[in-house]
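Undergrad: I'd like to go over a predicted model; first the sequence, then the structure.
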Amino acid sequence: MNMKLIILIFAGLITGIIDPMVIFAFQTSYLPLGQGELKTRVNLISVKNDDDTWLEETIRIPSAGVNGVVIHPQDSENDATIIIEGKDQKGDPWTFFTEYAGQGFSVWRADLDNDGREDIVLLGYTGGVGLAPTMHMTVLLFDKQGRPVPWSIEGYFGKDEHGIEDLLDLNRDKRAEIVRMAYDEGYWITSLYEARSGYWHQIHSKHGKSSFPLYTRFTNRANRKATKPEQKRAPLEDKLGSSGISKSVQLNITSLQRWIENYEDAIFLLSDGRTCRLAYWYSTAAVVIDRPHRRDSALLEASKEARKLVEEIIQRKLPVKITGWRRLNYINNRKDACVPELIWAVDHN
């Protein structure tokens, strides 16, 4: 995050130029959607609310996926890692690793992509303040094989007894969309992702009454008016959808230069010569190995398990596809930077 911006914001808070309630109400103060659009909420069924018993119990969701889903701590020694398990259409197992941040987690279920299978939504607090995202959302949709496609995203998501306020159905096609806001170059960028056939598709067109992405100017008071960004500022939208994996070029990871140690990004090299980063700050990138008789995956925040998968990909020279892109202000030539959000390896043996 731009340090100059943070300093200006805190200076504004101290001097009274910026209303503190505006800083902590991005969604309502800068979201350029009408009340009618915000009423198209997707109803979620609550499985578990925020509490501190995550490390003490196993959660079973018989209606999710193909043959049910089980969520539990990996083991008593590693109390930060959560494993989610199930079986696919053929009865083969799958596993997904994430991390429990210790600040509360909620779990819901619903058929988000309208394919007849219930999906899983986890929402946890990041502990972020100021302009830092306040929530971390992880979603498991299921593909045609009944295997999960992991996807995680951070934002300023709100929740209530009905679920997550940012899960909408703007075009009323019974497929959920996630509204996500991010800041860049003086503008709030409102992006939209739709759940479709097991993947999240980023919308770059009219959807419902609005065309996405939408931009609102960051001001010292509430501003919900969408505008066209000034050319000299050119705010950049993250590309975080998982659907791009189908169109990606097949490559190899030739080496792992650095893992996420000392609060630094993981760095790896691709066979096309690019140096790529997995953003430590967000830790939402996912690594997947799709095997003939199982699928294993992990988020970057589950560092130990994600690293094992990356190292196996390199050691066994498994072909990979990557997709996604993040704007990182500390990298030059940001548009050309390789900062993927999904690494997908296929094991044919």
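TA: Received it, and whenever you're ready, just let me know what you need. Residues are numbered from 1 along each chain as shown.
Undergrad: residue ranges in the stretch 201-349 of the chain under the pLDDT threshold?
TA: Counting by pLDDT under 70, the stretch 201-349 of the chain shows low-confidence ranges at 332-333.
Undergrad: which residues of it fall in strands?
TA: Using DSSP state E, counting those that start in this stretch, the strands of the stretch 201-349 of the chain run over 206-207, 210-211, 214-217, 253-258, 266-270, 275-278, 286-291, 294-299, 320-323, 342-346.
Undergrad: try the stretch 1-150 of the chain
TA: 45-48, 59-61, 69-73, 81-87, 93-99, 105-110, 119-125, 135-142, 148-155.
Undergrad: and the ones you listed: which comes nearest Lys39?
TA: Between Lys39 and these, the shortest gap by Cβ to Cβ is with strand 105-110, which sits at 17.2 Å. Heads up, the C-betas are built off the backbone N, CA and C, glycines and all.
Undergrad: so what touches the closest one?
TA: Contacts to strand 105-110, defined as Cβ atoms under 8 Å, 6 or more residues apart in numbering, come from residues 42-50, 54, 59, 61, 63-64, 71, 118-124, 159, 163-164, 176.
Undergrad: could you rerun that using 6 Å?
TA: 44-50, 61, 64, 118, 120-124, 163 (Cβ atoms under 6 Å, 6 or more residues apart in numbering).
Undergrad: what angle separates that strand from strand 81-87?
TA: For the pair strand 105-110 and strand 81-87, the angle between their directions (axes from the mean of the first three to the mean of the last three Cα atoms, to 10 degrees) equals 20 degrees.
Undergrad: and strand 105-110, how far out from the chain middle?
TA: When distances are taken as Cα atoms, centre = their mean, to the nearest Å, strand 105-110 is centred 15 Å away from the chain's centroid.
Undergrad: how about a markdown table for the strands of the stretch 201-349 of the chain, with mean neighbour count and distance to Asp92 added?
TA: Formatted as a markdown table, the entries for those read as follows, by neighbours: other Cβ atoms under 10 Å; distance: least, Cβ to Cβ, whole Å:
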| stretch | mean neighbour count | distance to Asp92 |
| --- | --- | --- |
| strand 206-207 | 14 | 35 |
| strand 210-211 | 16 | 41 |
| strand 214-217 | 20 | 42 |
| strand 253-258 | 14 | 25 |
| strand 266-270 | 20 | 28 |
| strand 275-278 | 19 | 27 |
| strand 286-291 | 23 | 8 |
| strand 294-299 | 23 | 5 |
| strand 320-323 | 23 | 21 |
| strand 342-346 | 24 | 15 |
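Undergrad: between these, which one is nearest to Trp188?
TA: The minimum distance between Trp188 and the strands of the stretch 201-349 of the chain falls on strand 214-217, with 4.7 Å, by Cβ to Cβ.
Undergrad: what is that closest one packed up against?
TA: Strand 214-217 is packed against strand 187-196, with contacts defined by 3 or more Cβ pairs under 6 Å, 6 or more residues apart in numbering; DSSP states H and E.
Undergrad: that older thread, of the strands of the stretch 1-150 of the chain, which is nearest Tyr187?
TA: Nearest to Tyr187 among the strands of the stretch 1-150 of the chain is strand 148-155 (15.7 Å), distances taken as Cβ to Cβ.
Undergrad: residues making contact with the helix or strand that the closest one is followed by?
TA: In the C-terminal direction, the helix or strand that comes right after strand 148-155 (DSSP states H and E) is strand 159-160. Outside of strand 159-160, no residue comes within contact range by Cβ under 6 Å, 6+ apart.
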